[in-house]
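>>> what's the 3D shape of this:
(2 chains)
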2 protein chains.
Amino acid sequence: MIKVVAKNYIKEDKINAFIEVATQLVKQTREKDAGCIRYELVQDVKDPQILTMLEEWEDQASLAAHGASEHFKNAIGAMKELVEKPGDSNFYKTLI
Amino acid sequence: MIKVVAKNYIKEDKINAFIEVATQLVKQTREKDAGCIRYELVQDVKDPQILTMLEEWEDQASLAAHGASEHFKNAIGAMKELVEKPGDSNFYKTLI
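Just a heads-up that it's a prediction; the model follows:
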């Protein structure tokens, strides 16, 4: 299993637009992407400009297929205009 | 519910020591702390010096009680010597 934390820094006036795009991405990913165990959109309670995807995938192959999907590429394209700066993504294995 | 991503940057020669302290913290938290839904230690697959806690708590009160517990304070004290620089913690609400 692989876990992903993908943290995005959104322009102050684009938060709602980002949430709209990301919500569609969550719905399409859950519906279409094999190997998706968890795919959530969360918002920092102190800084609403931080919007993060918390993900769990069965394996590297299912994560790679997600990254190559049309819905993912379309969402990433739309998100590019909405972010203040590049995000941080980490890919994790569980130790305990 | 509140979710926490607590990312730590560990000194290269202290990774095993950090894992040992964090593993004890995970075990004690799961055993003792009311309102703990999830408490995991994960390691970045590309950079083993990044070790992160992925947490879910029932509410702010249970998270605060965890932060005030002896086992948490002892672990944080031990971890201070093992990190390369201050970590990043985010506290999240789930949107979808």
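
>>> At the geometric centre of chain A, which residue do we find?
Residue closest to the average C-alpha location in chain A (Cα atoms, centre = their mean): residue A:53, at 3.8 Å.

>>> Looks to me like it is in a helix.
No: using DSSP: H, G, I helix; E, B strand; the rest coil, the assignment for residue A:53 is strand, not a helix.

>>> mind checking how far it is from residue B:15?
Separation of residue A:53 from residue B:15 (Cβ to Cβ, to the nearest Å): 26 Å. Glycine gets a C-beta too; all of them are placed from N, C-alpha and C.

>>> can you check residue A:56 too?
Per Cβ to Cβ, residue A:56 is found 23 Å from residue B:15.

>>> for residue A:68, same thing?
Remark: distance between residue A:68 and residue B:15 (Cβ to Cβ) = 32 Å.

>>> Tell me which of the two has more neighbours.
Between residue A:68 and residue B:15, residue B:15 has the larger neighbour count (other Cβ atoms under 10 Å in any protein chain shown), namely 16 against 9.

>>> Mind telling me what element that one is part of?
Assigned by DSSP states H and E, residue B:15 belongs to helix B:15-32.

>>> Assess the claim that residue A:21 and residue A:78 are in contact.
Yes: here residue A:21 reaches residue A:78: they are 4.7 Å apart, a contact under Cβ atoms under 8 Å.

>>> of those two, who's got more company?
Shown here are residue A:21 and residue A:78; by other Cβ under 10 Å, residue A:21 has more neighbours (19 against 16).

>>> Check the gap between the more buried one and chain B for me.
Distance, residue A:21 to chain B, using Cβ to the nearest Cβ, to the nearest Å: 12 Å.

>>> For that residue, give me its contacts.
A:75, A:78-79, A:82 (Cβ atoms under 8 Å, 6 or more residues apart in numbering or on different chains).

>>> And residue A:32, by the same measure?
A:69, A:71.

>>> Quick check: the farthest pair among the contacts of residue A:21?
With distances taken as Cβ to Cβ, the most widely separated pair in these is A:75 and A:82, at 10.5 Å.

>>> For the residue nearest to residue A:40 when sequence neighbours are not counted, list the residues it contacts.
In space, residue A:40 comes closest to residue A:54 once its chain neighbours are excluded; the distance is 4.7 Å by Cβ to Cβ, 6 or more residues apart in numbering or on different chains. The contact partners of residue A:54, taken as Cβ under 8 Å, 6+ apart, are A:3-5, A:38-40, A:42, B:3, B:5, B:54, B:92.
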